[in-house]
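Chemist: pasting the sequence and the predicted model now:
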Amino acid sequence: MGASVLRLEDQAFITGQGRYTDDIAPAGLLHGYVLRSPVAKGAFTISSVEQAKAAPGVHLVLTGQDVEHLGALKSGAMQRQPDRSFAPTRDIPILCRDRVNYVGDAVAFVVADSRALAQDAAELIEIDFESEDAASGTATALDPETPLVWPELGSNRAFTYHFGDRAKAEAAFARAASVTRIEFVNNRLVCNYMEARSAIGEWKEDEDRFVLTTGSQGVHSMRGVIAEQVLKIAPEKLRVITPDVGGGFGPKTFVYREHPLVLEAAKRLGRPVKWAGDRTEHFLTDAQGRDNVVTAEMAMDSDGRFLALRVDLVANIGAYVSQYGPFIPYIGATMSTGVYDIQALDVSIAGVYTNTCPVDAYRGAGRPEAAFLLEKLVDACARDLGVGPDEIRRRNFIRPEQFPYRTQTDRLYDVGEFEGHMRLAL
């Protein structure tokens, strides 16, 4: 225990000998390009793909009608709402058929001898977009005048979660000697990993199975989603290979449209097909992180001890429900009270649709957001009371004699000495 472990991978990476997906080029390789929506919301009509199909080096053009047999990308992470129901989801189509819902939404897939030729051909697809007013802001998503992403739902509310005992929290706030309140935005962000995503699809006729080579954060879950949800085949009919990965941080966990697209194209053409995204595509289309608007309040007694925590959080999930998207604010909320002894809690979460790229797990999957919220609020409590940030924490840490400690969100902590850690850090 505690001995240094010799790293064996560094020499290859620092000398440029890493082997990433885009370094791999099977014999007969073709290249794919995704035509994406330039508008955030609207209807579209493809009048012709014939010029694109006839362009130099083009082997295949796929539109939404061509991939109707492929299943959509679904989320299995929706949590129960206060009434115990599951909110309806809006799944990600492999290619849009007649409407788009964010800038970058996938409309067509072109395969050619090179990416440049495929991109040139995509510009020849005759397509008309009818742009409509879009919902873009998290804070205003639920306002009556905000356009609806999915009009049939009657609201931009995607789901509602609640933690704690509202009546108990209200009673604690009613008897509080002081209340500190903060409002802030936990901004949306992109991951920006070193290696932009890419994928190679192959159809192995002699093995009667697909092979997908792609950077990922776990091949088994990816195989299950693609095989069972999208291709509708047994998982053993798909092999997923992940070579070196230049950064993941959450967004490379998920299945994206390009994964089944290269597989579908490879089987149709009988040749390997590679899609390699560029930095712009990464910023536009890879699952993004966070994007919360938060109001939080702490009720305290006359000694500055925490009585109750109240949080109202609006979580933007984008235009569609991504793979783990609904779980991210939920899992973060289960950490609401952190390392503090807070005996009453009232946390309300509204997930909202907007005409933006879907949001999913990034660097901690909701828990960094919860920690930032709580510690920002605790700092504000110290300022309001005129005490040091260390002192307000010292008064409110869970004490060693309280362990094992069960939080108001039913998290069980087995051990901890938080004041001791803070003292050593100081």
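Modeler: Okay, I see it.

Chemist: ok, now which residue in this protein is the farthest from the centroid?
Modeler: Ser302 (41.6 Å; C-alpha atoms, centre = their mean).

Chemist: that residue against Ala176, yeah?
Modeler: No: between Ser302 and Ala176 there is no contact under C-beta atoms under 8 Å: 9.2 Å. Every C-beta, even on glycine, is put in place using the N, C-alpha and C of the backbone.

Chemist: confirm that Phe184 sits in a strand.
Modeler: Yes: if the criterion is DSSP: H, G, I helix; E, B strand; the rest coil, then Phe184 is within a strand.

Chemist: for it, name its beta-bridge partners.
Modeler: Bridge pairing for Phe184 (DSSP bridges) gives the partners Val294.

Chemist: swap in Phe397?
Modeler: Note on Phe397: beta-bridge partners Tyr340, judged by DSSP bridges.

Chemist: residues touching it, list them.
Modeler: Contact analysis of Phe397 by C-beta atoms under 8 Å, 6 or more residues apart in numbering lists Val339, Tyr340, Asp341, Phe418, Glu419, Met422.

Chemist: can you select the buried ones from the residues you listed in ChimeraX?
Modeler: Burial among the contacts of Phe397 is assessed by 16 or more other C-beta atoms under 10 Å; the matching ChimeraX selection reads:
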select :339,340,418,419
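
Chemist: nearest to Pro358 among the contacts of Phe397?
Modeler: For those, the closest approach to Pro358 (C-beta to C-beta) belongs to Val339, at 31.9 Å.

Chemist: ok, now how distant is the residue lying closest to that closest one once chain neighbours are set aside from Arg157?
Modeler: Distances taken as C-beta to C-beta, 6 or more residues apart in numbering put Phe418 closest to Val339, at 4.7 Å, once the chain neighbours are dropped. From Phe418 across to Arg157, the span is 37 Å (C-beta to C-beta, to the nearest Å).

Chemist: for Ser336, see how far away Gln288 is.
Modeler: In this view, Gln288 and Ser336 are 23 Å apart by C-beta to C-beta.

Chemist: for stretch 150-169, measure first residue to last.
Modeler: End-to-end distance for stretch 150-169, by C-alpha to C-alpha, to the nearest Å: 35 Å.

Chemist: I should have written stretch 270-282 there, sorry.
Modeler: End-to-end distance for stretch 270-282: 28 Å, by C-alpha to C-alpha.

Chemist: what's in contact with it?
Modeler: 21-22, 24-34, 36, 59, 104, 111, 115, 190-193, 196-203, 205, 258, 261-262, 265-266, 285-286.

Chemist: what about stretch 77-96, average pLDDT?
Modeler: For stretch 77-96, mean pLDDT is 96.

Chemist: let's number from 31 now, not from 1
Modeler: Understood, numbering begins at 31; the last thing we discussed is stretch 107-126.

Chemist: which of the residues in that stretch are buried?
Modeler: Buried-residue list, stretch 107-126, by 16+ other C-beta under 10 Å: Ala107, Met108, Gln109, Ala117, Thr119, Arg120, Ile122, Pro123, Ile124, Leu125, Cys126.

Chemist: which members of the residues you listed are the farthest-apart pair?
Modeler: Farthest pair in the buried residues of stretch 107-126 (C-beta to C-beta) is Gln109 and Leu125. Separation: 29.2 Å.

Chemist: show me what contacts Thr386?
Modeler: Shown in contact with Thr386 (C-beta under 8 Å, 6+ apart): Ala70, Tyr132, Ser166, Arg218, Gln318, Asp321, Asn346, Gly348, Ala349.

Chemist: let's see it at 6 Å
Modeler: Tyr132, Gly348 (C-beta atoms under 6 Å, 6 or more residues apart in numbering).

Chemist: partner strands of the helix or strand hosting Val91, with direction?
Modeler: In this assignment (DSSP states H and E), Val91 forms part of strand 88-93. In the sheet, strand 88-93 lines up against strand 136-142 (antiparallel) (DSSP bridges).

Chemist: now do the partner strand, average pLDDT.
Modeler: Here the average pLDDT along strand 136-142 is 98.

Chemist: check stretch 71-87 too.
Modeler: On average, stretch 71-87 scores 98.

Chemist: need the CA coordinates for that stretch. PDB is fine.
Modeler: Output of stretch 71-87 as PDB, limited to C-alpha atoms (Å, rounded to 0.1, in the frame of the first residue of the first chain):
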ATOM      1  CA  LYS A  71     -35.700  25.600 -34.500                       C
ATOM      2  CA  GLY A  72     -37.800  25.000 -37.500                       C
ATOM      3  CA  ALA A  73     -39.200  22.800 -40.200                       C
ATOM      4  CA  PHE A  74     -37.100  21.700 -43.200                       C
ATOM      5  CA  THR A  75     -37.700  20.100 -46.500                       C
ATOM      6  CA  ILE A  76     -35.100  18.200 -48.600                       C
ATOM      7  CA  SER A  77     -36.200  18.600 -52.200                       C
ATOM      8  CA  SER A  78     -33.300  16.600 -53.800                       C
ATOM      9  CA  VAL A  79     -30.100  14.800 -53.000                       C
ATOM     10  CA  GLU A  80     -29.400  13.800 -56.600                       C
ATOM     11  CA  GLN A  81     -26.600  16.300 -57.100                       C
ATOM     12  CA  ALA A  82     -24.900  15.300 -53.900                       C
ATOM     13  CA  LYS A  83     -25.100  11.600 -54.900                       C
ATOM     14  CA  ALA A  84     -23.600  12.400 -58.300                       C
ATOM     15  CA  ALA A  85     -20.800  14.500 -56.900                       C
ATOM     16  CA  PRO A  86     -17.200  13.400 -57.300                       C
ATOM     17  CA  GLY A  87     -16.200  10.600 -55.000                       C
END
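
Chemist: flag every buried residue along it.
Modeler: Buried residues in stretch 71-87, defined by neighbour count with 16+ other C-beta under 10 Å: Lys71, Gly72, Phe74, Ile76, Val79, Ala82, Ala85.

Chemist: comparing Gln318 and Ser366, which residue is more hemmed in?
Modeler: Here Gln318 and Ser366 are compared on neighbour count by other C-beta atoms under 10 Å; more neighbours surround Ser366, at 25 against 22.
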